[in-house]
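In: Quick one, what's the 3D model for this:
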Amino acid sequence: SSNAETAQKKTQDAFGSAQKTAEKLWESSKKLLGPLGERAGSMLGSYRQPVMYNLSVARELLKQVYVAERLQPPTDFAVVRSAYSTLWSRASSQAYWRGILSSGEWAKVAIYAVEAYGIFKIGEIVGRRSVVGYNL
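Out: Presented below is the predicted three-dimensional model:
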């Protein structure tokens, strides 16, 4: 019961922190966006609080993942260039593709390709604001 009480207290603290963060975010976004931000907030209506709460929870979760995985942005352009040169050398190497086929890793690569294509298509749909074709 002690663990349950501790967990409940942590949950309540996290909820309170997320709610305060959401309110701060809301106020800063209203200042930044001005009348457009207020209009967007009024369009959300009663959904404003849950949306802001979910955004702040997502931010905290991403922050925890960032710290736990010890992620950091690249500090040098050479690191980025090295990563892309590795990708290019693998993509253009027939030996790499043969190794993937023989090890059975091709399924994982195919799934990653489908995910990337799906994310691209979602971006296209959002950019067009239409599921099919462009509104001319």
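In: contacts and neighbour counts: CA atoms only from here.
Out: Will do.
In: okay, stretch 66-73 in CSV with CA atoms only?
Out: Extracted C-alpha coordinates of stretch 66-73, given in CSV (Å, rounded to 0.1, in the frame of the first residue of the first chain):
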residue,chain,number,x,y,z
TYR,A,66,16.1,12.2,-24.5
VAL,A,67,17.8,12.0,-21.1
ALA,A,68,17.5,8.2,-20.7
GLU,A,69,18.9,7.4,-24.1
ARG,A,70,21.6,10.1,-23.7
LEU,A,71,20.7,11.7,-27.0
GLN,A,72,22.4,14.8,-28.2
PRO,A,73,22.4,16.8,-31.4
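In: Let me know the average pLDDT across that stretch.
Out: Per-residue pLDDT values over stretch 66-73 give a mean of 83.
In: Kindly report the same for stretch 105-122.
Out: 93.
In: Now Thr6: which helix or strand?
Out: Element membership for Thr6 (DSSP states H and E) is helix 2-33.
In: same for that helix, what does it pack against?
Out: If you count contacts as 3 or more Cα pairs under 8 Å, 6 or more residues apart in numbering; DSSP states H and E, helix 2-33 packs onto helix 35-44, helix 48-68.
In: Just tell me which of those ends up closest to Thr86.
Out: Each of the helices and strands packed on helix 2-33 has some distance to Thr86 by Cα to Cα; the shortest is helix 48-68, at 24.0 Å.
In: And the closest one, what's buried?
Out: Residues of helix 48-68 classed as buried: Gln49, Met52, Tyr53, Leu55, Ser56, Val57, Glu60 (neighbour count, 16 or more other Cα atoms under 10 Å).
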